[in-house]
Each structure stands twice: as structure tokens, then as C-alpha cells.
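Participant: Please work out how this folds:
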Amino acid sequence: MTEKLTPDQPAFSWRSSWRIYLQPASLRMLFLGFAAGLPLLLVLGTLSFRLREAGIDRSTIGYLSWVGLAYGFKWVWAPLVDRMPIPFLTKQLGRRRSWLLLAQTMVMGGLVGMALSDPSQALGPVVWCALIVAVGSATQDIALDAFRIESAEATQQAALAASYQTGYRLAMIWAGAGVLWVAAWVQGDNAAGYVHFAWQAAYLVMAASMLVGVFTVLISQEPVTAELPPARNVKEWLQGALIDPFADFVKRYKWQAALILSLIAVYRISDVVMGIMANPFYVDMGYTKAEVATVTKVYGVIMTLLGAFIGGVMALRWGVMRILMLGAVLSALSNLLFAWLSGYGHDVQALIAVVSADNLASGIASAAFIAYLSSLTNIKYSATQYALLSSMMLLLPKFIAGFSGDFVNAYGYANFFNATALLGLPVLILVALAWHFQQPDSD
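Facilitator: The predicted structure is shown next:
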């Protein structure tokens with residue numbers, strides 16, 4: 001019998017599968033997911049719209065997306081989040097909540113800095129403040145993933161992932177559509193082009209919105225975490241904090257660890273690489289702030305929420321691997337719709353159809369993928385191991401995405417979107433292999 005990579009999800013009744021979303025753990029993850037989802041677009045997607053409107057070149061915007069590599073390297077400081085206490089805060093709040101509060105404070109401070117900086121005058125301050133937001137957001141992700149994994153059993157992780165995704169995507173509506181609406185309202189109907197004070201007001205509102213996460217952390221209970229033996233010296237601390245979590249993963253999965261990590265490294269590559277140029281594409285296609293806000297950040301995110309709930313329930317009913325494969329297929333195919341839209345021209349109805357299909361696919365894939373990552377971790381090292389796995393998901397795609405502006409400048413949007421769809425083909429092969437080795441050999 002072949003050794004299993006991960007235990008697949010057992011079947012639940014439809015009624016019990018849906019009722020799990022009303023449990024306190026799911027509701028907490030809804031609000032904490034909001035705090036996690038708010039910073040991402042403000043340093044990536046929404047920022048690319050702001051920079052393009054300010055006249056920044058597509059190639060520069062592509063390279064600036066490397067700020068997002070902070071999410072890909074969060075495994076470097078994940079052991080600190082997993083084990084190091086924060087003076088005063090950890091004693092008062094506990095290991096997970098103290099790091100959550102510190103990270104949220106970093107995000108709020110960085111967003112205020114981005115609000116006060118004008119990229120049309122000097123790009124450097126915006127980049128540095130965006131980096132602070134990204135590091136704070138990545139740190140919040142480390143602590144929050146551990147908080148989620150330690151808050152419920154493995155069989156409930158798909159549902160918690162769906163609740164997390166719901167809060168996350170609601171925040172993306174606010175950080176995507178809300179920020180554009182606020183900027184457009186402050187700018188007024190008579191002003192055209194880039195207006196700094198409008199974006200300043202919008203980013204200050206976003207900074208204040210992080211208080212949702214702060215309040216949730218303060219009223220939540222610290223989950224029961226695995227007891228870690230005290231380290232007697234620096235070498236012993238490094239062994240327990242940095243080496244043991246990675247050694248445990250390799251020990252449990254042996255040669256199959258390479259297969260798992262390869263799958264994780266490329267699973268979201270189509271979406272991530274395409275997403276960097278999405279907002280510059282909307283600007284260049286002539287869509288207004290209001291159109292982009294309404295269609296891509298409302299219709300699209302609603303479809304992502306629907307996809308996340310559907311994906312979470314389907315993963316409970318039919319197992320994670322089946323939905324992981326479905327999400328991979330849909331994510332690659334949906335990018336072809338953007339290639340079609342680039343030749344169709346400025347049409348709001350067409351944009352609604354394309355964005356809705358793309359985000360539905362993304363929601364299904366995300367729910368299954370988060371559940372898959374969660375099932376791979378050892379609760380003893382939940383923060384470090386999950387940070388390693390989720391970092392692998394972003395590292396290669398974010399690096400490749402940095403060259404997306406150069407590709408568009410050279411070959412155009414249609415060829416770019418077609419190329420991102422082709423990037424999804426290796427994903428299908430790796431999902432099939434991981435699924436195969438998870439199954440017992442036939443007699």
C-alpha cells in the first residue's frame with residue numbers, strides 16, 4: 001500500500017456541512033479574514049491602478065510587484081512568530097494574539113505612510129511604506145494561519161478556510177472597490193486623471209478599517225497551542241524554532257515532500273502572474289474608477305465568495321484533491337477570457353461576465369488549496385510549517401510576475417493572458433501525481 005500524502009476529507013451531510021459556518025470559530029475567522037485581506041490589494045492590485053493613473057510605466061509597475069515577495073519569504077521569520085514572546089503583549093494576550101496585534105499595527109502605520117506619499121512626485125516613499133505594509137501583512141498571515149489551524153479539528157479546516165476567504169474577499173471589495181469609490185467621491189466629477197489628495201483620503205480610510213481586525217483580536221480567546229519546551233541556549237532555540245519544523249515535514253512525507261512542494265509552488269501561478277497586469281489593463285482599456293470598482297471589485301468578489309463557499313462544501317463532500325484539480329482547470333481556462341476581452345474592446349457587460357467567471361474559479365481553487373495546506377501541517381509547528389507552504393505558493397509566481405509589464409509592452413495583453421493560461425498546464429500534472437500517491441494501491 002502506498003503511503004498517503006494527506007488524509008482526504010470524510011463525507012458530511014449537507015446540513016451539517018452548511019451549519020458549521022455559524023460556529024464561533026468560523027465567525028472569528030470571518031472578521032480576521034477581513035483584516036488579512038485588506039492590505040493585499042493596497043500594495044498590489046489597487047496600488048498598480050493608482051500608479052498607472054499617476055503615469056508610472058507598466059514595466060516599473062511590474063517590478064514594484066516584487067514588494068509582494070515579502071509574502072513569499074515569510075517562512076524566514078515564521079519561527080519567531082511561532083516561538084518568540086513579545087514583551088508585555090504576549091503575557092497579556094497570548095502567543096498568537098500578541099503577534100496578530102503587532103502585525104496589524106505595522107499595517108496601519110504603513111498605510112498611513114502610503115496615504116501621505118505622492119507617487120507622481122517621488123516613488124521611493126510609497127515603495128518603502130508599501131514594503132512595511134507587506135511585511136506586517138505577511139506577519140499577520142503567519143500568526144493568523146496558526147490561530148486558524150489551532151482553533152478547530154482537521155475535518156473543519158475546509159469550512160474555516162471558506163469563512164476566512166469570505167472575510168478576506170469582503171475586505172478585497174473594500175480595498176478594491178471601496179478605495180476607488182472613496183477616491184472618486186473625494187476627487188469629484190469635474191476632476192480628471194490622477195489627484196493625490198483623493199488617493200490620500202482613500203488610503204487613510206483603509207488604515208482605519210484595520211480596526212476591525214484589532215477589535216476581533218482583543219475580544220477573541222487565545223487558542224490552545226502546543227506546549228514548547230524552553231530552550232537552554234541559542235543553538236537549542238534555533239534547532240527547535242527553525243530546523244525541527246522543516247525536518248518534521250520532510251520526515252513525515254519523505255520523497256513525496258518534493259512533490260508536495262512542487263505542487264504548492266505553482267498551483268496559483270496563472271492567477272498571480274495575470275493579476276499584476278489586470279488593473280493596468282483596465283486603465284489602458286478606458287474603464288473608469290467607478291466601472292472598475294463596481295465590476296471587478298464587487299461582482300468579481302461576490303463570485304469569489306460564492307466559489308469559496310461552494311469549494312469548501314464540495315471539499316467536505318467529495319474530498320480536497322478532487323476540488324483541487326477542478327480549481328486548477330478552471331483557473332487556467334478563465335485567463336483565456338481576458339485574452340478575448342482584450343480584443344473585444346471597452347464593454348462593461350463583457351467585463352462583468354469575464355470577471356465573474358474568473359473569480360468564481362479563483363474562489364473554488366482557494367478554498368480547496370487552503371484546506372490542502374492546512375492538512376499538511378503538524379500542529380506542533382503550525383505557524384512555521386504553514387508559512388513555509390503558503391510562502392512556496394507565492395515565491396515563484398511573484399518573481400515571474402515582476403516581468404509581466406515587460407511582456408505586455410513587447411507582445412500585448414492578448415498574448416500575455418494566453419501565456420498565463422499555459423502556465424497552468426504543469427499544475428494539472430502535479431495535482432494528478434499528488435492525488436495518485438495519496439490513494440492506496442489496488443490489490
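Participant: which stretches of this protein aren't confidently modelled?
Facilitator: Applying pLDDT under 70 to the chain flags residues 1-25, 152-159, 189-192, 224-234, 237-238, 240-242, 297, 379, 382-384, 438-443.
Participant: helices or strands up against the helix ranked longest in it?
Facilitator: In the chain, ranked by residue count with DSSP state H as the criterion, the top helix is helix 348-376. Counting contacts by 3 or more C-beta pairs under 8 Å, 6 or more residues apart in numbering; DSSP states H and E, helix 348-376 is packed against helix 123-149, helix 157-173, helix 300-318, helix 320-344, helix 382-401. Every residue, glycine included, has its C-beta placed from N, CA and C.
Participant: Give me the distance between the two termini of stretch 32-52.
Facilitator: Stretch 32-52 has its terminal residues 31 Å apart, counting by C-alpha to C-alpha, to the nearest Å.
Participant: cool, and stretch 65-76?
Facilitator: OK, stretch 65-76 end separation, C-alpha to C-alpha: 20 Å.
Participant: And stretch 250-270, what's buried?
Facilitator: Within stretch 250-270, the residues scored as buried using 16 or more other C-beta atoms under 10 Å are 253, 256-257, 259-270.
Participant: which ones among these are found in helices?
Facilitator: Judged by DSSP H, the buried residues of stretch 250-270 include 253, 256-257, 259-266, 269-270 as members of helices.
Participant: centre of the chain versus the helix or strand hosting residue 213, how much separation?
Facilitator: According to DSSP states H and E, residue 213 maps onto helix 211-219. How far helix 211-219 lies from its chain's middle: 20 Å, per C-alpha atoms, centre = their mean, to the nearest Å.
Participant: still on that earlier bit, tell me which of the buried residues of stretch 250-270 is nearest to residue 140?
Facilitator: Distances from residue 140 to those, taken as C-beta to C-beta, are shortest for residue 268 (19.3 Å).
Participant: Skip the chain neighbours and tell me the closest residue to the closest one.
Facilitator: residue 393 (5.7 Å; C-beta to C-beta, 6 or more residues apart in numbering).
Participant: Pretty sure that neighbour sits against residue 263.
Facilitator: No. Using C-beta atoms under 8 Å, residue 393 is not in contact with residue 263; the gap is 9.6 Å.
Participant: Count the residues that sit near the residue nearest to residue 40 when sequence neighbours are not counted.
Facilitator: Residue nearest to residue 40 in three dimensions, not counting chain neighbours: residue 137, with 6.6 Å by C-beta to C-beta, 6+ apart. For residue 137, the neighbour count with other C-beta atoms under 10 Å is 27.
Participant: what comes up buried for stretch 58-77?
Facilitator: For stretch 58-77, the neighbour count (16+ other C-beta under 10 Å) marks 58-59, 61-75, 77 as buried.
Participant: so what's residue 57 up against?
Facilitator: residue 405 (C-beta atoms under 8 Å, 6 or more residues apart in numbering).
Participant: actually residue 121, sorry about that
Facilitator: Taking C-beta under 8 Å, 6+ apart, one finds residue 196 in contact with residue 121.
Participant: Please report phi then psi for it.
Facilitator: In terms of degrees, to the nearest 10, the main-chain angles of residue 121 are phi -100, psi -40.
Participant: mind checking how far it is from residue 196?
Facilitator: According to C-beta to C-beta, to the nearest Å, residue 121 stands 8 Å off from residue 196.
Participant: Not counting stretch 400-419 itself, show me its contacts.
Facilitator: With contact meaning C-beta under 8 Å, 6+ apart, stretch 400-419 is reached by 57-63, 65-66, 68, 269, 272-277, 280-281, 284, 335-336, 338-339, 342-343, 423.
Participant: change it to 6 Å
Facilitator: 58-59, 61-63, 65-66, 272-273, 276-277, 281, 335, 338-339, 342-343 (C-beta atoms under 6 Å, 6 or more residues apart in numbering).
Participant: For that stretch, what is the distance to the chain centroid?
Facilitator: With C-alpha atoms, centre = their mean as the basis, stretch 400-419 stands 22 Å off its chain's centre.
Participant: Likewise for stretch 355-367?
Facilitator: Offset of stretch 355-367 from its chain centre (C-alpha atoms, centre = their mean): 13 Å.
Participant: And for stretch 180-199?
Facilitator: Here the centre of stretch 180-199 is set off from its chain's centre by 28 Å, with C-alpha atoms, centre = their mean.
Participant: Stretch 81-89 too?
Facilitator: Per C-alpha atoms, centre = their mean, the displacement of stretch 81-89 from the mean C-alpha position of its chain is 24 Å.
Participant: measure stretch 266-282 end to end?
Facilitator: Stretch 266-282 has an end-to-end distance of 26 Å (criterion: C-alpha to C-alpha).
Participant: residues touching residue 344, list them.
Facilitator: Residues counted as contacts of residue 344 (C-beta under 6 Å, 6+ apart) are residue 350.
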